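> the sequence and its predicted three-dimensional model are supplied below.
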Amino acid sequence: MTLTRAGGLAALMCAGTYLFGFALLVTLLAPLGFGTDQIDVQAVMAFNHQRPGLLTVWNTTIYIVNALALALLVVSLSARLRTFDPGWASVAHAIGLIWATLVLGAGMIANVAVEKVSALYPTDPEGAAVLWSVMHSVESGLGGGNEIAGAVWICCVSILGIASRTIPSATNFVGLCTGLSGLATLIVPIGDIAGAVFGLGAIAWFVLIGLHLIRFQRQA
């Protein structure tokens with residue numbers, strides 16, 4: 001399997017992890033308030049105690065699996081864009097790997113939080129709630145509370161795609177809109193909405209870039 005095709009499959013895997021995450025977010029996890037500023041910590045504690053395995057699977061999929069697939073996609077796209085502009089392709093490469101590292105770190109912290117809170121909750125529910133709140137804040141800072149690293153990387157790839165004409169225009173347009181929505185997560189009043197738009201836009205962009213890389217490989 002070539003690096004280009006592997007990158008395309010990795011992009012589709014990234015989209016799949018986002019879809020899985022959204023599916024659980026709006027169904028089983030909806031009452032907990034994840035993805036909003038209204039998280040019910042006590043409900044999270046009870047859910048974590050009853051179904052820690054589900055939260056571990058969710059964290060592993062949306063963070064760890066996503067980060068590993070993302071790293072492969074970053075390398076694949078950088079290798080392709082480097083033929084047009086080696087310098088800026090290297091910058092995009094670095095930013096993309098930073099994003100993948102942050103996402104991976106967030107997943108590890110989230111899974112450790114599940115484990116530690118599960119052990120503490122039966123004897124000290126209040127302490128478990130405080131511990132989870134602190135660890136969740138760190139997790140959000142790395143991989144969920146804002147989307148700056150991902151937004152900058154997607155924008156860089158899209159701009160290079162436009163300049164080099166190596167990526168379809170529609171894909172670049174979706175990428176730029178997605179990246180701008182990610183940057184908008186810095187604006188507190190619209191942070192949650194911007195984050196949701198970024199997530200949905202990223203799904204579309206991952207699918208488009210994945211299909212492009214796979215088709216490009218078939219034509220090569």
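Happy to help now that I have it.

> residues near residue 150, how many?
Residue 150 has 26 neighbours, counted by other CB atoms under 10 Å. Just so you know, the C-beta spots here come from the backbone N, C-alpha and C atoms, and that holds for glycine as well.

> let me know the pLDDT of residue 75.
On pLDDT, residue 75 comes in at 97.

> distance from the chain centre to the longest helix along the chain, please.
When the chain is parsed with DSSP state H, its longest helix is helix 86-120. Put simply, helix 86-120 sits 9 Å off its chain's centre (CA atoms, centre = their mean, to the nearest Å).

> may I see the buried residues of it?
Buried residues in helix 86-120, counting neighbours by 16 or more other CB atoms under 10 Å, are found at 88-89, 92-93, 95-97, 99-111, 113-114, 117-118, 120.

> shaky segments in this protein?
35-37, 144, 217-220 (pLDDT under 70).

> ranges for the helices of it?
3-25, 41-50, 52-59, 66-81, 86-120, 125-143, 148-164, 169-183, 191-219.

> what does the third one contact?
Meaning helix 52-59. For helix 52-59, the external contacting residues (CB atoms under 8 Å, 6 or more residues apart in numbering) are 20-21, 24, 28-29, 47-48, 107, 110-111, 114-115, 118.

> would you format the residues you listed as a markdown table with distance to residue 212 included?
What follows is these, written out as a markdown table (distance: CB to CB, whole Å):
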| residue | distance to residue 212 |
| --- | --- |
| 20 | 22 |
| 21 | 23 |
| 24 | 28 |
| 28 | 33 |
| 29 | 32 |
| 47 | 39 |
| 48 | 40 |
| 107 | 27 |
| 110 | 31 |
| 111 | 33 |
| 114 | 36 |
| 115 | 39 |
| 118 | 42 |
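
> those residues: which two are farthest apart?
The span of those, defined through CB to CB, is set by 20 and 118 at 22.0 Å.

> if we can go back for a sec, which one of the helices of the chain lies closest to residue 34?
helix 3-25 (5.9 Å).

> in that closest one, which residues are buried?
Applying a neighbour-count criterion of 16+ other CB under 10 Å, one finds 3-22, 24-25 buried in helix 3-25.

> for that helix, give me every contacting residue.
When contacts are defined by CB under 8 Å, 6+ apart, helix 3-25 is touched by residues 34-35, 54, 58, 61-62, 65-66, 69-70, 72-73, 75-77, 79-80, 199-200, 202-203, 206-207, 209-214, 216-217, 220.

> which of those count as buried?
So, by 16+ other CB under 10 Å, the buried ones in the contacts of helix 3-25 are 34-35, 58, 61-62, 65-66, 69-70, 72-73, 75-77, 80, 199, 202-203, 206-207, 209-210, 212-214, 216-217.
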